[in-house]
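A.B. asks: After the sequence you'll find the predicted model.
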Amino acid sequence: MPKLPRRKCLECREWFIPQYSNVVWCTPECGAAIALKRRDKEKQQAIARLEKKRKKELVEQKDKLKARRLAVKPLSYFAKLAQAEFNAYIRERDAGLPCISCDRYHDGQHHAGHYRTVGSNPELRFDEDNCHRQCAPCNNHFSGNIGGYTPNLISKIGQARFDALMGPHEAKRYRREDFERIRDEYRAKRKALIASREVAA
C-alpha cells in the first residue's frame, strides 16, 4: 500500500500521516472530539429542520384560517377593499390638483368624489373619468357641489369623454374575484405612480 501524504488534523491542526485515506484526525482523542462535534452539528441541523417544518405548518394553518375567514365574509367586505384602493389611487393621481368642484387648494381632507353617484350608477364606481379629487366640504356638505364639478370635469376630461360618461352603461355584476382583481390592480397602479414620481423628483 503506498504511503499517504501528510495532512492536518481537523481537531488540533497538527500535521500527521494517516494510515487510511478517510482518516482526518491524528489521535483517537482528536477523532472522538471531531465525532462529538459532528453529532452536535447534526443534532442542531435536525432541530433546525424541525423548527422550519413547524413554522411552515404554522403558516399553512394561518393561511387556511384566513381563507376560511374570508370565505364567510359578505361581498360588501370585498367591495369596500376594492373601493378603498381605487379611491387611494384617485387621490394619488390627482395629488397637487385643486378640488374638482370648488377649485380650491387647501390642506384639509380630500376625498375621491364620484360625479355620478355609486348608489345610482354602481357600474361607474370604478370608472376613473367619474371620480376625482374633491375636498371634504364639497363632497360631504354640498352633495358633491355638482354646479362646480360639471364645468371643471368637462375641462379636465373633454366633452367627448364627458358625454360618454353621461351616456348609458351596461350594468355590472361584481363577484368576489372581480373586487379582488380591482383591489390588486389599483394598489399596483398607485404604487407605480408613487415610484415614477420619486424617480422624477
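C.D. replies: Sure thing, it's come through. Residues are numbered from 1 along each chain as shown.

A.B. asks: Which helix or strand contains residue 102?
C.D. replies: Using DSSP states H and E, residue 102 is not contained in any helix or strand.

A.B. asks: which sections of the protein are below the confidence cut-off?
C.D. replies: 1 (pLDDT under 70).

A.B. asks: Domains in it, by residue range?
C.D. replies: Listed by automatic domain parsing, the domain ranges of the chain are 1-72, 75-200.

A.B. asks: start to end distance for the longest one?
C.D. replies: Spelled out, that is domain 75-200. Taking Cα to Cα, to the nearest Å, the first and last residues of domain 75-200 lie 39 Å apart.

A.B. asks: Walking through the protein, point out its helices one by one.
C.D. replies: 28-71, 75-93, 136, 146-157, 159-166, 176-200 (DSSP state H).

A.B. asks: Return the most buried member of the domains of the chain.
C.D. replies: domain 75-200 (a mean of 16; mean count of other Cβ atoms under 10 Å). For every residue, glycine as well, the C-beta is placed using N, CA and C.

A.B. asks: for residue 183, what are its contacts?
C.D. replies: 78, 81, 82, 84, 85 (Cβ atoms under 8 Å, 6 or more residues apart in numbering).

A.B. asks: Same check on residue 31?
C.D. replies: Per Cβ under 8 Å, 6+ apart, neighbours of residue 31: 11, 23, 25.

A.B. asks: what sits against the nearest residue to residue 118 once chain neighbours are set aside?
C.D. replies: Counting by Cβ to Cβ, 6 or more residues apart in numbering, residue 118 lies nearest to residue 125, which is 4.4 Å off, once chain neighbours are set aside. Counting by Cβ under 8 Å, 6+ apart, residue 125 touches 83, 86, 114, 118.

A.B. asks: one step back: with distance to residue 16 added, can I get the helices of the chain in a markdown table?
C.D. replies: Output for the helices of the chain, formatted as a markdown table (distance: least, Cβ to Cβ, whole Å):
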| stretch | distance to residue 16 |
| --- | --- |
| helix 28-71 | 9 |
| helix 75-93 | 69 |
| helix 136 | 83 |
| helix 146-157 | 85 |
| helix 159-166 | 86 |
| helix 176-200 | 61 |
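
A.B. asks: and of the ones you listed, who's closest to residue 4?
C.D. replies: helix 28-71 (16.2 Å; Cβ to Cβ).

A.B. asks: what angle sits between that closest one and helix 75-93?
C.D. replies: Here the directions of helix 28-71 and helix 75-93 differ by 100 degrees (axes from the mean of the first three to the mean of the last three Cα atoms, to 10 degrees).
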